[in-house]
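Colleague: predicted structure and sequence below. I'll ask about it afterward.
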Amino acid sequence: MKGIIIYKGKYGATQQYAAWLSAALNIPVATAGNETKDQLKDADYIIMGTSVYIGKLQLRDWVKKNQDLLAGKKLFLYLVSGTPAAEKEKLEGYIIGSIGADIGNKCTCFFLPGKLEFRKLSWVDKCLLTMGAKLAKGRGESISVADYNDVKVEHLSGLIASVHKLSEVSV
């Protein structure tokens, strides 16, 4: 089976996961918009990777633009965010809110932890994160502005296993 990884991120975590997936599955990887139509047409499955930015998938415009090419493909989607994987309902809400139920429900989804390096954020992103943390506190929630990095290759084991199962079933 032929596959491809398409990703879009903001600060590097989504790209790192894409590189690890490409190496583990021996399939090509492309930043969203840099793939060819033939690559999408020839793929039996597509792994889409996206970071979440202010509750929206970075890959949302690409998905909407390529909906016709995604039809009939086995779709995998991994989300990289600061939202804990245990908050599945919130994460699923990001998917439906960004790409809709038609595509979102066709994806096998994986929620992966990201990283935050506050000093590397743009000035706008620093302001948005700081304001978001203050607003969340007022609602009794917590958004941390402290640096963390939980991007680890082992977080991909479930996704890699799912792709391997797909390949075994089609043989």
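Modeller: Arrived safely, thanks for sending.
Colleague: show me what contacts the spatially closest residue to K106 that is not a sequence neighbour?
Modeller: Nearest residue to K106 in three dimensions, chain neighbours excluded: L75, at 5.4 Å (Cβ to Cβ, 6 or more residues apart in numbering). For the C-beta atoms, the positions are set from N, CA and C on the backbone; glycine is no exception. Residues in contact with L75, defined by Cβ atoms under 8 Å, 6 or more residues apart in numbering, are 45-46, 48, 103, 106-108.
Colleague: now for these: which two are most distant?
Modeller: The span of the contacts of L75, defined through Cβ to Cβ, is set by Y45 and I103 at 14.2 Å.
Colleague: which strand residues bridge the residue nearest to K106?
Modeller: I46, C107 (DSSP bridges).
Colleague: measure it to N26 for me?
Modeller: Distance of L75 to N26, given as Cβ to Cβ, to the nearest Å: 19 Å.
Colleague: over to I96?
Modeller: From I96 across to N26, the span is 32 Å (Cβ to Cβ).
Colleague: between the two, which one's more packed in?
Modeller: In terms of neighbours (other Cβ atoms under 10 Å), I96 is the more surrounded of I96 and N26; the figures are 13 against 8.
Colleague: wait, isn't V80 in contact with Y17?
Modeller: Yes: the pair V80 and Y17 qualifies as a contact (Cβ atoms under 8 Å) at a distance of 6.4 Å.
Colleague: now the common contact residues for those two.
Modeller: With contacts taken as Cβ under 8 Å, 6+ apart, V80 and Y17 have 49, 112, 151 as neighbours in common.
Colleague: drop anything exposed from these.
Modeller: Neighbour-count burial within the shared contacts of V80 and Y17 applies to 49, 112, 151; the criterion is 16 or more other Cβ atoms under 10 Å.
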